[in-house]
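K.L.:
Sequence first, then the predicted structure, then my questions.
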Amino acid sequence: MAILEILQYPNPILKKKTQPIERIDQTIRELAQDMAETMYAVPGVGLAAPQVGRPIRLAVLDVTPADQPKNLVVLVNPVVVETEGECSWEEGCLSVPEYAEEVKRKKRVIVRCQNLAGENVEIVGEELLSIVLQHEIDHLDGILFLDRLSKLKRDLFKKRLQKEKKEGMKL
Ligand code: NI
């Protein structure tokens, strides 16, 4: 097990579309474990493979409250097959530190994927689970929650980032 480095925006790897996983071998299982360990260490509720520099369709998540036993979900090749309703949720991202903003998402999603045993599973996500599923699957398509903000909010964020960079250089 190992803690992996989480790539930060605007690293170009985060914008790349990822490749499907054809064989769930030991390398994939170990990567999923390391990603889970990395996610729990931050702590975060979800982490997608591109965020640790692997452009493949793999993500981990756990939306269980901290005072309850862990319930790790590993998504291999996840696809959203059904959506329902709309909602808005304040999101952050491990690749976009110290920033959170309201994002419009589907209220309920059904996701089909494989687990690490290679079995086909269907996950029904509501509330936070729905949001995290959509957020992580977006990562696999090279989409960050920033891309789902209004242009105005996105521009404000970029300006702030530029300002921080300039301030950083004075040190
Ligand atoms: Ni994220």
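P.N.:
Thanks, I have it. Computed from a prediction, not measured in an experiment: that's the story for all the values here.
K.L.:
show me where pLDDT drops low in this protein?
P.N.:
For the chain, the stretches flagged by pLDDT under 70 are 169-171.
K.L.:
what sits against the most centrally placed residue in it?
P.N.:
Ranked by distance to the mean C-alpha position of the chain (CA atoms, centre = their mean), the top residue is E136 at 3.2 Å. E136 makes contacts with 46-48, 59, 61, 75, 78, as judged by CB atoms under 8 Å, 6 or more residues apart in numbering. C-beta coordinates here come from the backbone N, C-alpha and C atoms, glycine included.
K.L.:
how close does it sit to E167?
P.N.:
Distance, E136 to E167, by CB to CB, to the nearest Å: 32 Å.
K.L.:
Ok, L128 next?
P.N.:
The spacing between L128 and E167, counted by CB to CB, is 34 Å.
K.L.:
Looking at these two, which has the bigger crowd around it?
P.N.:
Counted by other CB atoms under 10 Å, L128 and E167 do not tie: L128 has more neighbours, with 15 against 9.
K.L.:
pull the longest strand from this structure.
P.N.:
Secondary structure assigned by DSSP state E gives strand 73-93 as the longest strand of the chain.
K.L.:
Next secondary structure after it?
P.N.:
strand 96-114 (DSSP states H and E).
K.L.:
how much does that following strand deviate in direction from strand 73-93?
P.N.:
On the basis of axes from the mean of the first three to the mean of the last three CA atoms, to 10 degrees, strand 96-114 is oriented at 150 degrees to strand 73-93.
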